[in-house]
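Peer 1: Here is my input; please provide its structure:
(2 chains)
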Amino acid sequence: MSKIETKDVNLYYGDFQALKNISMQMEEHTVTALIGPSGCGKSTYLRLFNRMNDLIDNVKIEGEVFVEDENIYQKGVNIDELRMKVGMVFQKPNPFPKSVFENVAYGLRVNGINDKHIVEETVVRSLKQAALWEEVDDKLHKSAFELSGGQQQRLCIARALAISPSIVLMDEPASALDPISTAKIEELIHELKKDYTIVIVTHNMQQAGRVSDFTGFFYIGELIEFGRTADIFTSPHKKQTENYITGRFG
Amino acid sequence: MSIKLQKGIDRKKRLTERLAFGIFRALSFLVVGILFVILGFILIKGFSVISWDFLTTMPSDGMTKGGIYPAIIGTFCLIGGSVLFSFPIGVLAGIYMNEYAKKGFLVKFIRMMTNNLAGIPSIVFGLFGISLFVNTLGFGDSILAGSLTLGLLTLPVIIRTTEEALKAVDNSFRHGSYALGATKLQTIRRVVLPISYPNIITGLILSIGRVSGETAPILFIVAYFTTKLPTSIYDQVMALPYHLYVLATSGTDIEKSRPIAYGTALVLIMIVLIMNLMANALRRYFSNKVKMN
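Peer 2: Numbering: from 1, shown residues only, chains lettered A, B, ... in the order given. Model (predicted):
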């Protein structure tokens, strides 16, 4: 059983076709990197899995997307429940204007979990999982904006983990961060792989090489090549993939 | 080949620059100057009249003596009443317009109508208020009717500022919230509104300033003269701007009541100022709570 699977997915923004016949499978406890030049559709594809594309007007989706064997685009799917199962970390750290503690507790609170013990336990666990606990344990009730950019991003990861998802989507999570913060995030991804299935969109080829088990190369809405990261990077089958990876375009 | 600058062009550029910004600066000082002249004029003419008695006693001797207590109380009643009416409605309408309504014909239409509402001369609101609130609904010449009329007047301001305040909230906050399984309402209540409170409060400040100074809409509703303080929302009150108008144009003895008119004007300005300071404090309080970088 694949954790995520798409079958012949087409996505249109109005008349513009952003994804063309994408079929792909992602296994449990793996990291899949989606790479490709800007505008290739990799972020759009990522946003299929927690239905964030629904927020954009005029989007039309064809084909099937399965998360844990459930077709998430059929009628009657509870989107809020889906989003608890599929967490997301965004490109720019976007903590809420609340305390560190309340940021992590947010997902619990909006889903009706207010029991003090459970909330506290979950917040601490999530911060530890996001490798942030030791840096913030003395400022849990300070504003999240007082943290550095890298810390804010790990806070957003902790926030996503707090609602116990099984899948974590990351949309260029390190692109706004300095090299040291980036390294911390990458390290974290390695750790998280044990408990979660991760899909990460990245611009950074080396990063894809370092963190992922599988890589999908997108170009102008098409999935050009998909396979083990080691294979993609050492012996790509398609000329376009090779050109991109070796830096000849993109 | 490099372009050769004509002789003297450099000096000419500098001169134009200096001249232009000199004019801009002079004009901005002029604006400040006008404000100071008005304030100074009112302050000098009105200051000597102001005393504790002036603020806390009834007018007497055909409004040529005594204080302006009932007008102060009346103005506060009208400010409170109109804000109570227009602030919740305006904010909720603004939320609907920016967060819920599909961007399309309906929103454009409502926005256009809101702008039109803002453009209606205030005296027309006065007529409308008299016909709807005073007569048809039978509220009489009362605080209620006056507040509702003034509330209508400020509604567009509050709707627009709310809309703008919400628009200024970066979508990444909303998306972050949705991605955690929050509903739209939860997202608005817990994330979007707290961020936009300071700017929404600005709408409140503007409308309070407007309400305290408006004369025309309440021309037919507030009292020319009364020494009876209101005990319910159905009572009639005096109001500072209208009192000022009466003192300056149609009092029993205009010459004698002139100093009181200046005193009234000064009190009115002070009330607006104090209200603005309070609203600013509120705004700062919410800003600090949000702690945006």
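Peer 1: does A:Tyr45 count as helix, strand or coil?
Peer 2: helix (DSSP: H, G, I helix; E, B strand; the rest coil).
Peer 1: contacting residues around it?
Peer 2: By C-beta atoms under 8 Å, 6 or more residues apart in numbering or on different chains, the contact list for A:Tyr45 reads A:6, A:9, A:11, A:19, A:22, A:34, A:218. Every residue, glycine included, has its C-beta placed from N, CA and C.
Peer 1: Wasn't the third one part of a strand?
Peer 2: The one in question is A:Leu11. Yes. The assignment for A:Leu11 (three-state DSSP) places it in a strand.
Peer 1: Could you measure from it over to A:Asn53?
Peer 2: 7 Å (C-beta to C-beta, to the nearest Å).
Peer 1: And the fourth one, by the same measure?
Peer 2: Using C-beta to C-beta, we find A:Leu19 at a distance of 10 Å from A:Asn53.
Peer 1: can you tell me the residue of the stretch 1-150 of chain B closest to chain A?
Peer 2: For the stretch 1-150 of chain B and chain A, the shortest gap (C-beta to the nearest C-beta) falls at B:Lys103, measuring 7.3 Å.
Peer 1: Which phi and psi values does residue 51 adopt?
Peer 2: You didn't say which chain, so I picked chain A. Here is the backbone geometry of A:Arg51 (degrees, to the nearest 10): phi 60, psi 40.
Peer 1: Chain B, not that one
Peer 2: Dihedral angles (degrees, to the nearest 10) for B:Ser51: phi -150, psi 170.
Peer 1: Residue 139: neighbouring residues, count only.
Peer 2: In the absence of a named chain, chain A is used. Using other C-beta atoms under 10 Å in any protein chain shown, A:Lys139 has 15 other residues around it.
Peer 1: wrong chain, I was asking about chain B
Peer 2: Neighbours of B:Phe139 (other C-beta under 10 Å): 21.
Peer 1: Assumed it was part of a strand.
Peer 2: No. Applying three-state DSSP, one finds B:Phe139 to be coil, outside a strand.
Peer 1: give the contact list for it.
Peer 2: B:133, B:145, B:148, B:234.
Peer 1: Likewise for B:Phe87?
Peer 2: Going by C-beta under 8 Å, 6+ apart, B:Phe87 touches B:158, B:204, B:207.
Peer 1: any idea how far B:Thr183 is from it?
Peer 2: 25 Å.
Peer 1: do B:Gly176 as well
Peer 2: Relative to B:Thr183, and taking C-beta to C-beta, B:Gly176 is found at 14 Å.
Peer 1: Ok, B:Val267 next?
Peer 2: Going from B:Val267 to B:Thr183 by C-beta to C-beta gives 48 Å.
Peer 1: who has more neighbours, those two?
Peer 2: Taking neighbours as other C-beta under 10 Å, B:Val267 and B:Thr183 compare with B:Val267 leading, 24 against 14.
Peer 1: my read: that one touches B:Tyr69, true?
Peer 2: No. Counting by C-beta atoms under 8 Å, B:Val267 stays clear of B:Tyr69, with 10.4 Å between them.
Peer 1: Determine the residues that are contacts of both of those two.
Peer 2: With C-beta under 8 Å, 6+ apart as the test, B:Val267 and B:Tyr69 both reach B:Leu55.
Peer 1: need the strands for the stretch 1-150 of chain B, in chain order.
Peer 2: B:59-60, B:65-66 (DSSP state E, counting those that start in this stretch).
Peer 1: Just want the most central residue of chain A.
Peer 2: Among the residues of chain A, A:Leu169 comes closest to the average C-alpha position under C-alpha atoms, centre = their mean, at 1.6 Å.
Peer 1: tell me which element A:Ala160 falls in.
Peer 2: helix A:149-161 (DSSP states H and E).
Peer 1: Could you tell me the angle between the helix or strand just after that helix and helix A:149-161?
Peer 2: Once the chain leaves helix A:149-161, the next helix or strand it forms, by DSSP H and E, is strand A:167-171. Interaxial angle, strand A:167-171 versus helix A:149-161 (axes from the mean of the first three to the mean of the last three C-alpha atoms, to 10 degrees): 150 degrees.
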